[in-house]
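A.B. asks: okay, predicted coordinates and the sequence, questions at the end:
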Amino acid sequence: MIEVGHDFERMRDHAGGRLSEDEHRAFEERLLRDPGLVHEYEVSLRLTEGLEQLREQRHFLEGAARRGLGIRLWLPALAAGVLAAMALWLWVQSTNHPVLTASIPSHSARSAPALAGPYTLLALRGDSAPPDLTLPSVGLIEFRAEPTTHTQASRYTVTLTLKQGERPMVRVGTLTSLAVRPDGFVHYYADATRLQPGTYLLRMESDSAGPGSGHTYPFNLLPGAAP
Amino acid sequence: MPAVDDQAAPAAIRPRKSCVPALASDPVSHLSEVYRDYPGLRALILRRVRDPEVAADILQDAAVTTLEKLRRGEIAHPENVGGYLYRVALNHLRNHRRKERTTQSSAIGLNELEGGGDLEWERVGRTQWAAAARQMLEEMPAQRDRELLMRFYLKDEEKEQICHELRLSREHFNRVIFRARNRFRELLEQRGLWKADLLTVIAIGGLLGAVGQAVVKSLGDIG
């Protein structure tokens, strides 16, 4: 009968010649008496040799290399993503003007900013490709989104986020307490100089119904020609 | 309320009946079983002496000695002929190493094993053991458990150190080793490599004929 744990070490150390002379003798005396120990020792020797062969075949190293390669691939991508997100966040935060506004800013109105759009965002049934919209280099983009018909709220919150492939989405801006205009749409404006080409998601939710009640409108912003 | 850990390894293992080789009726069969059933011993000797010919000589001498003792009834527990073979082979190995220390002849053997000794390792069954070990490792769900095995069996690290650095209990350590060994044994059995290493049998087939006849003759002379 072998003692699990203790004998695992004994067998390993005997095979490696690490036992003292007395310990060697005692272990081999036990081999004489205990067929089970002989059997387990055979397992140990074969397992060790098998693992040794794998090491010589660089099986473990390859495994480590594969893991290392994986790390080498995704770690820079993750770092780049974090840096990009931080840069975008700092860029958004560092400016005085918000990306989204509920109306044309007064100083911009006086200087008659370029106004692109309005782009109308509608909730459609079924899957459809996000529309491609042109991102001007300057000015404002006017969006208008139709509230989903089942909501009766008079105030809405819109949140614009930028998708970055597999990386986490970046929240670009949020507007709250937006009212539906007489044309039946909620209007808002985005500063084109603060946006970058990419895929965006506009989420519009009823203030009274709370999160989860709204609708998401995806769209792509494609770089436009310089003015 | 006491908890029951049905995943725990038992504290001790009783030998399975199937692991005790049945006694064969003639010395040649016995010798064949010795080579067939204890390739681990053969691998151990080969690793120690690093010379396939010397390893074969040591094991052969041990097998002949064991069979002679068996024939004379000098083995107290014939059902454990394997244990006796181990004991004799390890004694022969020690004697060889004592001689080796005085003659310093191991360098050539080491070169032979590392360069042209691959076939000898294949005969022992090492390639098949590696395949089983690879499958066993791939089936292990936790990287930590694979690391445990590698550190224990290949780097010869102490159990306490491994448990400390991997933040494992001794029970968990024992469980991992116990399961890995059992799975490894199962895989060898499934591949038919536990009791009979075909390559080994083929490789020693020719040798056994001559040696067996010599043993029978010498035992007949003694009788």
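C.D. replies: Yes, it's here.

A.B. asks: is the nearest residue to residue B:185 once chain neighbours are set aside in a helix, a strand, or coil?
C.D. replies: Leaving out its chain neighbours, the residue that sits closest to residue B:185 by C-beta to C-beta, 6 or more residues apart in numbering or on different chains is residue A:43, at 5.5 Å. All C-beta atoms are positioned from the backbone trio N, CA, C, and that covers glycine. Per DSSP: H, G, I helix; E, B strand; the rest coil, the local secondary structure of residue A:43 is helix.

A.B. asks: burial check on residue A:43, number of neighbours?
C.D. replies: Neighbour count of residue A:43, defined by other C-beta atoms under 10 Å in any protein chain shown: 19.

A.B. asks: what of residue B:97?
C.D. replies: 13.

A.B. asks: next, give phi and psi for it.
C.D. replies: Residue B:97 adopts backbone torsions of phi -70, psi -30, taken as degrees, to the nearest 10.

A.B. asks: just to revisit the earlier point, ok, the residue nearest to residue B:185 - contacts?
C.D. replies: By C-beta atoms under 8 Å, 6 or more residues apart in numbering or on different chains, the contact set of residue A:43 is B:40, B:181, B:184, B:185.

A.B. asks: roughly how far does residue B:92 sit from chain A?
C.D. replies: 12 Å (C-beta to the nearest C-beta, to the nearest Å).

A.B. asks: is that residue in contact with residue B:62, as I believe?
C.D. replies: Yes - counting by C-beta atoms under 8 Å, residue B:62 is a contact partner of residue B:92 at 5.3 Å.

A.B. asks: in its sheet, what does the helix or strand hosting residue A:142 sit against?
C.D. replies: For residue A:142, the enclosing helix or strand under DSSP states H and E is strand A:140-145. As defined by DSSP bridges, the strand partners of strand A:140-145 come to strand A:115-121 (parallel), strand A:186-191 (antiparallel).

A.B. asks: quick one: closest of those to residue A:99.
C.D. replies: Proximity to residue A:99 (C-beta to C-beta) singles out strand A:186-191 among the strands paired with strand A:140-145, at 5.4 Å.

A.B. asks: now tell me what touches that closest one from outside.
C.D. replies: With contacts defined as C-beta under 8 Å, 6+ apart, strand A:186-191 is touched by A:97-104, A:118, A:140-147, A:156, A:158, A:160, A:173, A:175, A:178-181, A:204.

A.B. asks: buried ones in it?
C.D. replies: Going by neighbour count (16 or more other C-beta atoms under 10 Å in any protein chain shown), the buried part of strand A:186-191 is A:186, A:187, A:188, A:189, A:190, A:191.

A.B. asks: ok, so of those residues, who is nearest chain B?
C.D. replies: Distance to chain B, by C-beta to the nearest C-beta, is smallest for residue A:190 among the buried residues of strand A:186-191, at 46.6 Å.

A.B. asks: check which helix or strand the nearest residue to residue A:10 once chain neighbours are set aside maps to.
C.D. replies: Nearest in space to residue A:10, with sequence neighbours left out and distances taken as C-beta to C-beta, 6+ apart, is residue A:27 at 5.8 Å. Here residue A:27, judged by DSSP H and E, is contained in helix A:21-33.

A.B. asks: residue A:203 touches residue A:169, doesn't it?
C.D. replies: No - checked against C-beta under 8 Å, the pair residue A:203 and residue A:169 is beyond contact range at 10.6 Å.

A.B. asks: now do the shared contacts for those two.
C.D. replies: Here residue A:203 and residue A:169 have residue A:161 as joint contacts, going by C-beta under 8 Å, 6+ apart.

A.B. asks: quick one, domains of chain B?
C.D. replies: Per the record, chain B has its domains at B:21-125+B:197-223, B:126-195, by automatic domain parsing.

A.B. asks: least reliable of the ones you listed by average pLDDT, please.
C.D. replies: Sorting the domains of chain B by mean pLDDT places domain B:21-125+B:197-223 lowest, at a mean of 67.

A.B. asks: contacts for stretch B:156-168?
C.D. replies: A:5, A:8-9, A:12-13, A:16, A:18, B:144, B:147-148, B:151-152, B:169-170, B:172-173, B:176.

A.B. asks: so of those residues, which ones are in helices?
C.D. replies: Counting by DSSP state H, the contacts of stretch B:156-168 place A:8, A:9, A:12, A:13, B:144, B:147, B:148, B:170, B:172, B:173, B:176 in helices.

A.B. asks: contacts only, for residue B:152.
C.D. replies: Contact partners of residue B:152, counting by C-beta under 8 Å, 6+ apart, are A:8, A:12, B:159, B:162, B:177.

A.B. asks: if we can go back for a sec, how near is the residue nearest to residue B:185 to residue A:16?
C.D. replies: Note on residue A:43: its distance to residue A:16, by C-beta to C-beta, to the nearest Å, is 16 Å.

A.B. asks: got it, and residue A:103?
C.D. replies: Residue A:103 sits at a distance of 80 Å from residue A:16 (criterion: C-beta to C-beta).

A.B. asks: cool, and residue B:135?
C.D. replies: Residue B:135 is 25 Å from residue A:16, by C-beta to C-beta.
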